[in-house]
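>>> got a predicted structure here, sequence first:
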Amino acid sequence: MSTHVEVVPAAFDPPTCLQQFVERIGDEGAVVSFTGRARGHAKDGAGIEALVLESYRGVTLSSMQQIVADTHAKFPISASHVIHRAGRISPEESIVFVATASRHRRAAFEAADYLMDRLKTEAVFWKREEHANGSTWIEPTDADQSDAARWLGKESEAICPE
Amino acid sequence: MERAINVELCGKLADSYGGSVTLYIAPCGLPVRELFEAVSSAYPLLEPILASGSVRACVNEVIVPDHAIIHQGDTAALFPPVSGG
């Protein structure tokens, strides 16, 4: 199992992360990556000046490492790479980068999906949107919770070579 | 002899009093459930959220149950529900 999990305080470059990941996965046949970016508008259409992600000491990283360990236990992937931004993030900057590698594609797709669903609801961050009139704390949405709940009790189906 | 500890406040808990508050604890320590009561008493704007049952205590970077004991010299923090990444 090869993992890399990191919380970074400054902007990062997803293509560079992907290149670093690919360089350490050997001849695996499938690589899936996902990049989450900061939006410039809230759900009600109001402009967002910045997204602020507060982390806490080593607890945030530990929560991410646990999610990654669970992902490797659940899906037949050989490697993963998770970079998460903390601090003040401007619109269009990257918040999170996730990559997974496996022998066949289905496992890599599902593992990346699972990783993101868990990160979106369980990673130890407190998030607020800064806008012209102040700031608003953000909690996981119903959609985030139901996305994460999809995996409860679901066995990996990523064993078929595709 | 009682000693002061700083209890770090995370997320929206920091809105009222900033990022930490000070409490005094005895050499025998303080159970987490009593920490909640002590913080609520000394910093009443935090009482509603602490009473909601949704706040977790973190001691020395480990989230602990209500019966855990906080000792002098520990690093303590209060976590409201996380936002996720």
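Arrived safely, thanks for sending. This is a predicted model, so every value here is computed, not measured.

>>> quickly find the element holding residue 66.
Since no chain was named, I'll use chain A. Following DSSP states H and E, one finds A:Gln66 within helix A:57-74.

>>> and stretch A:119-139, how far out from the chain middle?
Mean-position distance between stretch A:119-139 and its chain equals 15 Å (C-alpha atoms, centre = their mean, to the nearest Å).

>>> could you measure from the nearest residue to B:Ser40 once chain neighbours are set aside over to chain A?
Counting by C-beta to C-beta, 6 or more residues apart in numbering or on different chains, B:Glu47 is the residue found nearest to B:Ser40 once chain neighbours are left out, at 4.1 Å. Bear in mind the C-beta positions are built from the backbone N, C-alpha and C, glycine included. B:Glu47 sits 18 Å away from chain A, going by C-beta to the nearest C-beta, to the nearest Å.

>>> give me every residue in chain B lying close to chain A.
B:8, B:10-12, B:58, B:61-63, B:75, B:77, B:79-85 (C-beta under 8 Å from any C-beta of the partner chain).

>>> next, the buried residues of the helix ranked longest in chain B.
When chain B is parsed with DSSP state H, its longest helix is helix B:32-42. By neighbour count on 16 or more other C-beta atoms under 10 Å in any protein chain shown, the buried set for helix B:32-42 is B:Val32, B:Leu35, B:Phe36, B:Ala38, B:Val39, B:Ser40.

>>> show me which of the residues of chain B next to chain A are buried.
B:8, B:10-12, B:58, B:77, B:79-85.

>>> so which of the residues of chain B next to chain A sit within strands?
The strands in this structure, assigned by DSSP state E, contain B:Glu8, B:Cys58, B:Val62, B:Ile63, B:Ala77, B:Phe79 from the residues of chain B next to chain A.

>>> follow-up on the earlier one: and the buried residues of helix B:32-42, which is closest to chain A?
In terms of C-beta to the nearest C-beta, no member of the buried residues of helix B:32-42 lies closer to chain A than B:Val32, at 15.7 Å.
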